[in-house]
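Engineer: dropping the sequence and predicted coords here.
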Amino acid sequence: MAGSNRKLTQAGMKWISVALMLGLLLMLSACGNNNGGNNDNNDNNGNTSMKTRSYGNDGYLGRSNSNPHLPNRNGSYLNYGEDGDFAEKKLKEIGGIAKMNITFQGTNLYATLRPEAGVDEAQLRHKALSVLRSNMPRYIVHVNTSKQ
């Protein structure tokens, strides 16, 4: 009796291995390329028309061509003017600023703020620092206030 159970087990193992092999073949055949399908990358003849795009040789793998806000090879930024306008816009959203001066020196952004009458300087400086640091992360932000 024990011998017949062993034969059934060996025969069962053969069938299980055959079933697994067939399942594997079916899964691999489903991974084929359908060139005759209606894909966006196919032309009318079923040929693929995928084209690669090339970026300029900027030393940053094309990143400064696709995002002009990154530094160039000389370490300077491509648009201090736009960054200054953006910083000024964000500071105006805070409110309580009578006058502001924004300057750049390399990767440093210096903002000098004159608060309006009745505005707490420490709170204004804290708000300006958090707004500028969160909106302009590539700069080291320095904020000063003056009463003049």
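Structural biologist: Thanks, I have the structure now.
Engineer: next structured bit after the lowest-mean-pLDDT helix or strand in the chain?
Structural biologist: Least confident helix or strand of the chain, by mean pLDDT, DSSP states H and E, is helix 63-66 with a mean of 54. Toward the C-terminal end, the helix or strand that comes next after helix 63-66 (DSSP states H and E) is helix 80-94.
Engineer: pLDDT of that next one, averaged?
Structural biologist: On average, the pLDDT along helix 80-94 is 89.
Engineer: for that helix, packing partners?
Structural biologist: Other helices and strands packing on helix 80-94, by 3 or more C-beta pairs under 8 Å, 6 or more residues apart in numbering; DSSP states H and E, are strand 97-105, strand 108-115, helix 121-135. Just so you know, the C-beta spots here come from the backbone N, C-alpha and C atoms, and that holds for glycine as well.
Engineer: and the ones you listed, which is most packed in?
Structural biologist: Comparing the helices and strands packed on helix 80-94 by mean neighbour count (mean count of other C-beta atoms under 10 Å), strand 108-115 ranks first with a mean of 18.
Engineer: now do that one, average pLDDT.
Structural biologist: On average, the pLDDT along strand 108-115 is 93.
Engineer: wait, a strand at Val119?
Structural biologist: No: assessed with DSSP: H, G, I helix; E, B strand; the rest coil, Val119 is coil; it does not lie in a strand.
Engineer: that one touches Gly96, doesn't it?
Structural biologist: Yes: at 4.0 Å, Val119 and Gly96 qualify as touching, with contact defined as C-beta atoms under 8 Å.
Engineer: what sits in contact with each of these two?
Structural biologist: Listed contacts common to Val119 and Gly96 are nil; contacts here mean C-beta atoms under 8 Å, 6 or more residues apart in numbering.
Engineer: circling back to that earlier point, let's have the helices and strands packed on helix 80-94 in TSV, adding distance to His142.
Structural biologist: Converted to TSV, those look like this (distance: least, C-beta to C-beta, whole Å):
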stretch	distance to His142
strand 97-105	9
strand 108-115	5
helix 121-135	9
